[in-house]
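Enquirer: What shape does this take:
(one chain, ligands or ions: 1)
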Amino acid sequence: MRHEELKSAGGKGKELWRRMISESIEDPFDLPASLCAGQDELERVTSLFPMRINPYYLALIQNKGDPIYRQCVPDLKELNDEGLDDPLLEEGHSPVPGLTHRYPDRVLFLVSNRCAVYCRFCNRRRKVGRPGVVSNETIREGLSYIRGHKEIRDVLLSGGDPFLLEDEELGRILSEIRSISHVEVVRIGTRVPCTLPHRVTKDLARILKKFNPLYIHTHFNHPRELTRATVRACGRLADAGIPLGCQTVLLKGINDDPYIIRELMQGLLKIRVRPYYLFQADLAKGTSHFWTPLQTGLDIMRFLQGHTSGMCLPHFAVDLPGGGGKVPFLPEYIVEKRDNDIVLKTYEGKTYSYPLNVCMERRLE
Ligand SMILES: *Cc1c(COP(=O)(O)O)cnc(C)c1O
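Expert: The predicted model follows:
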C-alpha cells in the first residue's frame, strides 16, 4: 500500500501503525524494482541482519542511494566483517539478560526486540528482530534487578524499540518501574517518532503522560526525516509534558556534513526536540562503511558552536568499544596555557586571554 493511500485511510486511526508494520518490506525480493538489483545477494545480508522498511519510511526514499535509502536498504558491504558483534560489551555489564548496568546510578533495560525499521548501522543488530532475546521472563528479571538495587535512580528503556510494544504492555512495565520508590527518572529510547510517527497515537500519549518525570530520547539522522507526520508525533508527546531529546548518529555519506547536521539540529528544535547526543557510529559488525573519522565530528561541533543557538548543540560522544561507556569530545578552544592565564580561541577565530584562578584573586581583595 502506498503512503498516500495510508494517509487517506487515516480515519481508521488506531490500527494504522500496526498495518504499516505488517505491510513492511522484510525481504529484498519485495523491494520496488527501481530501488534494488541483486536481490539474491542481498538475501545473504538479511539472513544475518534482518530487514524491515515500513511503508511510511519507504515513501521517504526519493532515489536509490539517498540518505533515507542508505539507512534502511541492506548493502552487500554489510558482509564485510570489520566490526564487532557486541561493540559496547553490553553483555559484559549485564547482570541479568537484557539489562546493562554500566554506570553507577542508571541502567539500560531492553523491553522489546522489534523496531519499525531495522537500521543498517544498528549497534545492537546482534539482537534486534530475533526471537527470544526479550521475553516476559527477561522483563520480569530486569524489574526484579532494578527493585533490588537502590542505587538505580534512572532507568532507560530501550530495545529494539519500546514503542513497538502494545500500549497495555508498555503501560504495565512503566507502572511496575514507577512503583519502585528509588527510581526517580524513567527514559525511553525510541526511533518511532522518526520512523513510524503514526504509532504515536493519542492513546499512547495519554498513557505516557501518567508516568512523568518521563523523558524520551528519539533518533533522527537527516533533515529529510522531518515531515509533517513527525511534527504531529513529537508535538503530541511534548503536549503530554514529555521532554524530547535526540540522539543522532554520524554516518558517512548520510549526515557527515556540518550543513546537514546544522539543518537537522535547527529543524529538531522547531519540532520541540532538543539535540542531546551526536554519536560517533559504533564499531558494530557489518557497519564499517558508515564510519567517519573522529575529526569529522569535531569539525561539525566547531562549526555549530557560536554560529548557531546553544540549544542546537548536542554532546559529541563516542561510546567506547570494549564497554568503557560514553566519552565526550570537544574541539580544542585553549590555544596556550601560561602561568597566570590561558589563551582561548573564539568561534570567530579571535584569541583572548583569560586569567587562571580568577575566583581566588577576587577573594583575596
Ligand atoms: C547510553 C547509556 C546509558 C545512558 O547514558 P546517559 O549519558 O545518561 O544518557 C545508560 N546505560 C548504558 C549502558 C548506556 O549505554
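Enquirer: how is the protein carved up into domains?
Expert: Domains of the chain are assigned by automatic domain parsing as 80-329, 333-365.
Enquirer: so can I have TSV of those domains showing mean neighbour count?
Expert: All C-beta atoms are positioned from the backbone trio N, CA, C, and that covers glycine. What follows is those, written out as TSV (neighbours: other Cβ atoms under 10 Å):
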stretch	mean neighbour count
domain 80-329	19
domain 333-365	10
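Enquirer: quick one: the residue nearest the centre of the chain from residue 149, how far?
Expert: The residue lying closest to the centre of the chain (Cα atoms, centre = their mean) is residue 219, at 3.6 Å. For residue 219, the distance to residue 149 (Cβ to Cβ, to the nearest Å) stands at 27 Å.
Enquirer: Next: residue 332.
Expert: Distance from residue 332 to residue 149, by Cβ to Cβ: 39 Å.
Enquirer: Report the residue spans of this structure with pLDDT below the cut-off.
Expert: For the chain, the stretches with pLDDT under 70 are 1-14, 358-365.
Enquirer: quick one, helices of it?
Expert: For the chain, the helices defined by DSSP state H occupy 3-8, 16-22, 39-48, 55-59, 67-72, 136-148, 167-178, 192-195, 202-209, 228-239, 258-270, 294-304, 358-364.
Enquirer: need the contact list for the closest residue to the ligand within the stretch 251-365 of the chain.
Expert: Nearest to the ligand, among the residues of the stretch 251-365 of the chain, is residue 326, at 5.4 Å (Cβ to the nearest ligand atom). For residue 326, the contact set (Cβ atoms under 8 Å, 6 or more residues apart in numbering) comprises 277, 317, 318, 319, 320.
Enquirer: Can you name the residues that contact residue 75?
Expert: 45, 120, 289.
Enquirer: at 10 Å what do you get?
Expert: Residues counted as contacts of residue 75 (Cβ atoms under 10 Å, 6 or more residues apart in numbering) are 42, 45, 65, 69, 120, 286, 287, 289, 290.
Enquirer: Repeat that for residue 120.
Expert: Here residue 120 is in contact with 45, 49, 51, 69-75, 77-78, 251, 286-287, 289-290 (criterion: Cβ under 10 Å, 6+ apart).
Enquirer: Give me the distance between residue 136 and residue 130.
Expert: Counting by Cβ to Cβ, the separation of residue 136 from residue 130 is 16 Å.
Enquirer: residue of the stretch 151-300 of the chain with the smallest distance to the ligand?
Expert: The nearest approach of the stretch 151-300 of the chain to the ligand comes at residue 156, 5.2 Å away (Cβ to the nearest ligand atom).
Enquirer: Leaving out sequence neighbours, find the closest residue to that residue.
Expert: In space, and not counting its chain neighbours, residue 156 is closest to residue 187: 4.4 Å by Cβ to Cβ, 6 or more residues apart in numbering.
Enquirer: Near the ligand, which residues of this structure are found?
Expert: 100, 102, 103, 106, 108, 156, 326 (Cβ under 6 Å from any ligand atom).
Enquirer: Which ones among these map onto strands?
Expert: Judged by DSSP state E, the residues of the chain next to the ligand include 100, 102, 103, 106, 108, 156, 326 as members of strands.
Enquirer: give the contact list for the closest residue to the second one other than its chain neighbours.
Expert: Right, the one you point to is residue 102. Spatial nearest neighbour of residue 102, excluding adjacent residues (Cβ to Cβ, 6+ apart): residue 93 at 4.4 Å. Under the criterion of Cβ under 10 Å, 6+ apart, the contact list for residue 93 reads 99, 100, 101, 102, 103, 107, 108, 323, 325.
Enquirer: Next one: residue 93 from residue 110, what distance?
Expert: Remark: distance between residue 93 and residue 110 (Cβ to Cβ) = 13 Å.
Enquirer: Pull up the overlap in contacts between those two.
Expert: Shared contacts of residue 93 and residue 110, counting by Cβ under 10 Å, 6+ apart, come down to 99, 100.
Enquirer: Check the contacts of residue 75 and tell me the two furthest apart.
Expert: Farthest pair in these (Cβ to Cβ) is 65 and 286. Separation: 18.1 Å.
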